[in-house]
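Enquirer: predicted model follows, preceded by the sequence.
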Amino acid sequence: MSDNPIYGYLETLPKEYRVSDFHMRSGSPLAMRVNGEIEVLQDLPITHDLLDALFREELSDEDYDKFCETRDIDFAMTVAGQRFRANGYHTMRGWALILRTIVTDVPNIDQLGLPQAVHNVLKEKKGLVLVTGQTGSGKSTSLASMINKINRERAEHIITIEDPIEFVHTEIRSIISQREVGRDTMSFGSALKGALREDPDIILLGEMRDYETVSLALTAAETCHLVFGTLHTSGAAETINRIIDVFPAEEQSQARSQLSSSLQLVMTQQLLKRKTGGRIGAFEVMVCVPAVRNLIREDKIPQIGTVMQTGAQFGIITMDKYVDELEKQNLIVIDDD
């Protein structure tokens, strides 16, 4: 291991703190996000030279040269058995690095408390299931728990396309092919195009942000594949609009038709402060009942909110309702503002 003291910080601090993210910026002390809050360690200074040495050690010569040119890079790294998702970038003071701690133990869906509608949709054989929320809201964890449940209960071929791979699944009843963008494939789009020729039953997409990936995902979901994906959106209506907006205007009517028939469920999530310490998930779930499918097809997305207010019998729940229930159970810290 390098004598770079940054590695020493990373080896010891995760054992003492529940750190989700490390913030390292040239000319500033190390900062960490612990249970959603930023903490600064004034006695641990970060310099440009220390970060440059880390980048040179972790990146190939080709990737380092590209990083110096573009000033942005995503990669994964491992220190003392702990995996991190890394983002390097440049500031006015020099190099900077964000490391997100990757929890490698595959989560149990029951322990996460995902709503019953999510359990139900995992029995489907085709369609599109979307998990949305801000960065750090636990989307990857929720998706891993869903794949884990399917793996324990059904014999399927599951293909995951991720950047990076966070949870490594052990095959139980299913066979699982995990691919990492940048290492095992060039892009989400090319991997998804290949996946459709690889006899999959279930496909997990770590990102759905470009035309090619979204278009292929909709096609796959229509043709007897169960497709899981993530978006950085904050609700069902915004999620649907984001999907449709990927398409050029002349294709949006067809896209709405495809989405209305293939979409099974949208779950939006956030993490809230738990009164007993740590964080707890809060979820909004839109199940694609016939009324929702009609509204998508007819381009009446704003009216979906009305259906969600009255759809509890179908497993639909709004974020406000879910948070209210957590508050009634005295489980969460409510900010005064």
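Expert: Noted; the coordinates are in hand.
Enquirer: which neighbouring elements make contact with the helix or strand that contains Arg152?
Expert: Using DSSP states H and E, the element containing Arg152 is helix 139-153. Where contact means 3 or more Cβ pairs under 8 Å, 6 or more residues apart in numbering; DSSP states H and E, helix 139-153 is packed against helix 109-112, helix 116-121, strand 127-132, strand 157-162, strand 202-205, strand 226-231, strand 263-273. C-beta coordinates here come from the backbone N, C-alpha and C atoms, glycine included.
Enquirer: okay, the ones you listed in JSON lines with distance to Val34 next?
Expert: Output for the helices and strands packed on helix 139-153, formatted as JSON lines (distance: least, Cβ to Cβ, whole Å):
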{"stretch": "helix 109-112", "distance to Val34": "20"}
{"stretch": "helix 116-121", "distance to Val34": "28"}
{"stretch": "strand 127-132", "distance to Val34": "24"}
{"stretch": "strand 157-162", "distance to Val34": "25"}
{"stretch": "strand 202-205", "distance to Val34": "29"}
{"stretch": "strand 226-231", "distance to Val34": "24"}
{"stretch": "strand 263-273", "distance to Val34": "12"}
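Enquirer: and these, which one averages the lowest pLDDT?
Expert: Least confidently modelled of the helices and strands packed on helix 139-153 is helix 109-112, at a mean of 93 by mean pLDDT.
Enquirer: returning to that earlier point: so which of the helices and strands packed on helix 139-153 is nearest Glu11?
Expert: strand 157-162 (25.3 Å; Cβ to Cβ).
Enquirer: now tabulate the helices and strands packed on helix 139-153 in TSV and tack on distance to Arg173 and mean neighbour count.
Expert: Formatted as TSV, the helices and strands packed on helix 139-153 follow (distance: least, Cβ to Cβ, whole Å; neighbours: other Cβ atoms under 10 Å):
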stretch	distance to Arg173	mean neighbour count
helix 109-112	15	14
helix 116-121	17	16
strand 127-132	19	24
strand 157-162	10	22
strand 202-205	12	26
strand 226-231	15	25
strand 263-273	22	22
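Enquirer: now do the helices in the protein.
Expert: For the chain, the helices defined by DSSP state H cover 5-16, 48-58, 61-70, 109-112, 116-121, 139-153, 188-195, 211-222, 236-245, 252-262, 290-297, 304-309, 319-328.
Enquirer: for Leu128, which of these is the nearest?
Expert: helix 211-222 (4.0 Å).
Enquirer: what residues of the closest one count as buried?
Expert: In terms of neighbour count (16 or more other Cβ atoms under 10 Å), helix 211-222 has its buried residues at 213-218, 220-222.
Enquirer: now do the helix holding Arg152 against strand 157-162, angle only.
Expert: 170 degrees (axes from the mean of the first three to the mean of the last three Cα atoms, to 10 degrees).
Enquirer: got the contact list for helix 139-153?
Expert: Here helix 139-153 makes contact (Cβ atoms under 8 Å, 6 or more residues apart in numbering) with 103, 106-109, 111-112, 114, 118-119, 122, 129, 131-133, 156, 158, 160, 166-167, 169, 171-174, 176, 202, 204, 206, 228, 230, 267, 269, 281.
Enquirer: apply 6 Å and report the result again.
Expert: 106-107, 109, 112, 122, 131, 133, 166-167, 172, 174, 228, 230 (Cβ atoms under 6 Å, 6 or more residues apart in numbering).
Enquirer: just flag the most distant two among the residues you listed.
Expert: Spatial extent of the contacts of helix 139-153 (Cβ to Cβ) is set by the pair Gly133 and Ile172 at 27.5 Å.
Enquirer: neighbour-wise, which of the two wins?
Expert: Taking neighbours as other Cβ atoms under 10 Å, Gly133 and Ile172 compare with Gly133 leading, 24 against 14.
Enquirer: residues touching the more buried one, list them.
Expert: Neighbour list for Gly133: 139, 268-270 [criterion: Cβ under 6 Å, 6+ apart].
Enquirer: which one of those residues is nearest Asn294?
Expert: Thr268 (21.3 Å).
Enquirer: leaving out chain neighbours, which residue sits closest to that closest one?
Expert: Among residues not flanking Thr268 along the chain, Glu284 sits closest, at 4.3 Å (Cβ to Cβ, 6 or more residues apart in numbering).
Enquirer: likewise Thr47?
Expert: Nearest one to Thr47, counting by Cβ to Cβ, 6+ apart, is Ser26 at 6.0 Å.
Enquirer: ok, now Pro302?
Expert: That would be Ala237: by Cβ to Cβ, 6+ apart, it lies 6.6 Å from Pro302.
Enquirer: measure that neighbour to Thr306 for me?
Expert: Noted for Ala237: a distance of 11 Å to Thr306, by Cβ to Cβ, to the nearest Å.
Enquirer: that older thread, redo the contacts of helix 139-153 as a markdown table? Include distance to Asp74.
Expert: Converted to a markdown table, the contacts of helix 139-153 look like this (distance: Cβ to Cβ, whole Å):
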| residue | distance to Asp74 |
| --- | --- |
| Val106 | 23 |
| Pro107 | 23 |
| Ile109 | 28 |
| Leu112 | 26 |
| Leu122 | 29 |
| Val131 | 20 |
| Gly133 | 19 |
| Glu166 | 13 |
| Phe167 | 18 |
| Ile172 | 30 |
| Ser174 | 28 |
| Phe228 | 21 |
| Thr230 | 15 |
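Enquirer: thanks a lot, catch you later.
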